[in-house]
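Colleague: the following block contains a protein sequence and its predicted model.
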Amino acid sequence: MDKLKTDGDIMAYLRNIRDNLEKIAEKTGQEIHLYVNGKDYGSVETGGYIAIKVNGRESYQYRLDEVKDWRHVEPDQIAFEKGERT
């Protein structure tokens, strides 16, 4: 991260991350939503799965359309296959 000294350096780095996420989304047919506030919260969500990091503690959940069906999962339980976009 020593190379990221200016806003332009940071933007170029983040653009590359965005491009890689776009490729993953295209290959899997899943939308990817990412939010990071840089302080104490970050999350990434795709295909009903969400990985959340709050104050250094991480959790993984599988969120179906019905809240009653949500369940906790471990990272190695998650596998994606290319699906149809809706």
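Modeller: Thanks, I have it.
Colleague: got the buried residues for the one helix or strand Ala12 maps to?
Modeller: Assigning secondary structure by DSSP states H and E places Ala12 in helix 7-28. For helix 7-28, burial by neighbour count (16 or more other CB atoms under 10 Å) applies to no residue. (Each C-beta comes from the backbone N, C-alpha and C, glycine too.)
Colleague: and that helix, what other elements does it pack with?
Modeller: strand 32-36 (3 or more CB pairs under 8 Å, 6 or more residues apart in numbering; DSSP states H and E).
Colleague: kindly export the following helix or strand past the strand it packs on (C-alpha atoms) in PDB.
Modeller: For strand 32-36, the following helix or strand on the C-terminal side (DSSP H and E) is strand 41-46. C-alpha atoms of strand 41-46 as PDB (Å, rounded to 0.1, in the frame of the first residue of the first chain):
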ATOM      1  CA  TYR A  41     -17.500  -2.000   8.700                       C
ATOM      2  CA  GLY A  42     -17.200  -3.800   5.400                       C
ATOM      3  CA  SER A  43     -19.500  -6.200   3.500                       C
ATOM      4  CA  VAL A  44     -19.700  -8.000   0.300                       C
ATOM      5  CA  GLU A  45     -22.900  -9.700  -1.000                       C
ATOM      6  CA  THR A  46     -23.700 -11.900  -3.900                       C
END
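Colleague: other residues contacting strand 41-46?
Modeller: 25, 28, 30-36, 50-54, 80 (CB atoms under 8 Å, 6 or more residues apart in numbering).
Colleague: buried residues in the helix or strand following that strand?
Modeller: Later in the chain than strand 41-46, the nearest helix or strand by DSSP H and E is strand 49-54. Across strand 49-54, burial judged by 16+ other CB under 10 Å covers 49-51.
Colleague: closest one to Gly8 out of those residues, please.
Modeller: Ala51 (29.2 Å; CB to CB).
Colleague: ok now do that closest one, which residues does it touch?
Modeller: 43-45, 58-60, 75.
Colleague: alright, calling it a day.
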